[in-house]
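Asker: my questions are about this predicted structure, shown below with the sequence.
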Amino acid sequence: MISQSITLPKGGAEIIKARLVAMIGKLDPARAWEITIREFYKRRSDQQNRYLWGVAYATLARATGQPAADWHEYMLGEHFGWEEAEFFGRKKIRPRGRSSKLSTVEFMDFVTFIQQRSAENGVFIPDPEPMHGFNA
């Protein structure tokens, strides 16, 4: 067993305990094991990411001539804040956060931020279509 991950359902403490005990019971006692338990959250979906790049950033790129990748870095920095880093004596600013680690709900907040910032500067970005699986 190299790595295994299970998602435990909400509620039902006895069922959760039984599943954990069963999983631990299958571990080879001759080996050392690391067990990590963290709260589960659904990460941003592929549909959300496609909307971000195919609609939001594409709209900004068409409206301004700036590449989508530049808009991504800019919006990340404006949303999460900027930090300064130094590489071989040269200083550079970079965003403090990344969108790939966001939950589906956090990602929707990020997209709303992009829409608002764009609208403040005269660029309208249409809402995602709910029927395309964007929402959490």
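Answerer: Looks like it arrived, so ask away.

Asker: where does pLDDT dip in the chain?
Answerer: The model of the chain has pLDDT under 70 over residues 1-2, 131-136.

Asker: what ranges do the helices span in it?
Answerer: Assigned by DSSP state H, the helices in the chain fall at 13-25, 46-51, 57-64, 68-80, 104-120.

Asker: of all those, which one is nearest residue 3?
Answerer: helix 13-25 (12.3 Å; C-beta to C-beta). All C-beta spots, glycine's among them, are computed from the backbone N, C-alpha and C.

Asker: what sits up against the closest one?
Answerer: Residues from elsewhere that reach helix 13-25 (C-beta atoms under 8 Å, 6 or more residues apart in numbering): 4, 6, 8, 9, 35.

Asker: could the helices of the chain go into CSV alongside mean neighbour count and distance to residue 90?
Answerer: What follows is these, written out as CSV (neighbours: other C-beta atoms under 10 Å; distance: least, C-beta to C-beta, whole Å):
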stretch, mean neighbour count, distance to residue 90
helix 13-25, 11, 49
helix 46-51, 16, 31
helix 57-64, 17, 27
helix 68-80, 16, 17
helix 104-120, 16, 28
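
Asker: so which of the contacts of helix 13-25 is the most crowded?
Answerer: Of all these, residue 8 has the most neighbours under the rule other C-beta atoms under 10 Å, reaching 14 neighbours.

Asker: got the phi and psi for the spatially most central residue of the chain?
Answerer: Nearest to the geometric centre of the chain sits residue 102, at 2.6 Å (C-alpha atoms, centre = their mean). Here is the backbone geometry of residue 102 (degrees, to the nearest 10): phi -80, psi 150.
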